[in-house]
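Visitor: fold the following and give me the result.
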Amino acid sequence: MGVVPDLHESGVENAPPPAIYRPLAQAPICFITIAARTDARPLDLAAPIRDQLAALDPDLPLFQTGTLRSIISGDNFRIGIAAGLFATFGVAALLLSAVGLYGVMSFSVGQRRREVGVRMAVGARPADVLRLIVGQGLRQVALGLAIGAFLAVGLGRLMTWALFRVSPADPLTFASIGLLLMTGISLLACGVPAVRASRVDPLESLRTD
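Guide: Numbers count the residues shown, from 1 in each chain. You can find the predicted model right below:
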């Protein structure tokens, strides 16, 4: 008698059902699997194992030999394709959001050129302008992240078939993505227009209509 780890025989996306091992003589089955561990190349054991089976029963067929890694990869092929597609779309969405945020901030700063000039003319320092522009941009990003996280939790429940040992509302995933967007993409997209705004010449901006 003993306890063994759970086996995901029906795929990693499904929870393993309760099961017990019974002797083969008491519960004959048509197909059995032999697992062997070796320090050499795994496929080098195929011929010796085949010879041992032939010695036991010459009519016993042997098929689908391979390493455990290759068998697991084959079983998870569908999930791997889905994960690759989601990763590709995620990177594309991240780049598009960065470009879009940069475009919006650049346009907003351009529209407020006169306002920035007035602020600097009455004593605002470049650091104050930089802090103002970046702060406003990060607040908009934080609002967008909150809305996106709310929607992601709901939509994530529709993708549980592609998740393994990760919940649709995994806090580590949401925190890491939010940190990446806030400290990386957002600071870069908001920082460049903010630096340009902090270098505005007050007299030049006040002359424009």
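Visitor: which parts of the longest helix along the chain are buried?
Guide: Longest helix in the chain by number of residues (criterion: DSSP state H): helix 77-111. Neighbour-count burial for helix 77-111, counted by 16 or more other CB atoms under 10 Å, picks out 79, 97-98, 101-102, 105-106, 108-109. Where C-beta positions appear, they are placed from N, C-alpha and C, glycine not excepted.
Visitor: other SSEs contacting it?
Guide: Where contact means 3 or more CB pairs under 8 Å, 6 or more residues apart in numbering; DSSP states H and E, helix 77-111 is packed against helix 126-156, helix 187-198.
Visitor: by how many degrees do the shortest one and helix 77-111 diverge?
Guide: Read that as helix 187-198. 10 degrees (axes from the mean of the first three to the mean of the last three CA atoms, to 10 degrees).
Visitor: i'd like the first residue to be 35 from this point on
Guide: Sure thing, new numbering starts at 35, so read that last one as helix 221-232.
Visitor: only alpha carbons, please: show helix 221-232 as CSV.
Guide: Listed next in CSV are the C-alpha coordinates belonging to helix 221-232 (Å, rounded to 0.1, in the frame of the first residue of the first chain):
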residue,chain,number,x,y,z
LEU,A,221,6.7,56.2,-18.0
LEU,A,222,8.4,56.0,-21.4
ALA,A,223,5.3,57.0,-23.4
CYS,A,224,4.5,59.9,-21.0
GLY,A,225,8.0,60.8,-20.2
VAL,A,226,9.1,61.8,-23.7
PRO,A,227,6.3,64.3,-24.3
ALA,A,228,6.8,65.6,-20.7
VAL,A,229,10.5,66.2,-21.3
ARG,A,230,9.7,68.1,-24.5
ALA,A,231,7.1,70.2,-22.6
SER,A,232,9.6,71.0,-19.8
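Visitor: in the chain, where is pLDDT below threshold?
Guide: Along the chain, the model assigns pLDDT under 70 to residues 35, 43-48, 194-199, 235-243.
Visitor: burial of D85, as a residue count?
Guide: Neighbourhood size, D85 [other CB atoms under 10 Å]: 9.
Visitor: same thing with R233?
Guide: 12.
Visitor: wait, doesn't it sit right on A161?
Guide: No - using CB atoms under 8 Å, R233 makes no contact with A161, being 11.8 Å away.
Visitor: distance of A203 relative to G190?
Guide: Using CB to CB, to the nearest Å, we find A203 at a distance of 7 Å from G190.
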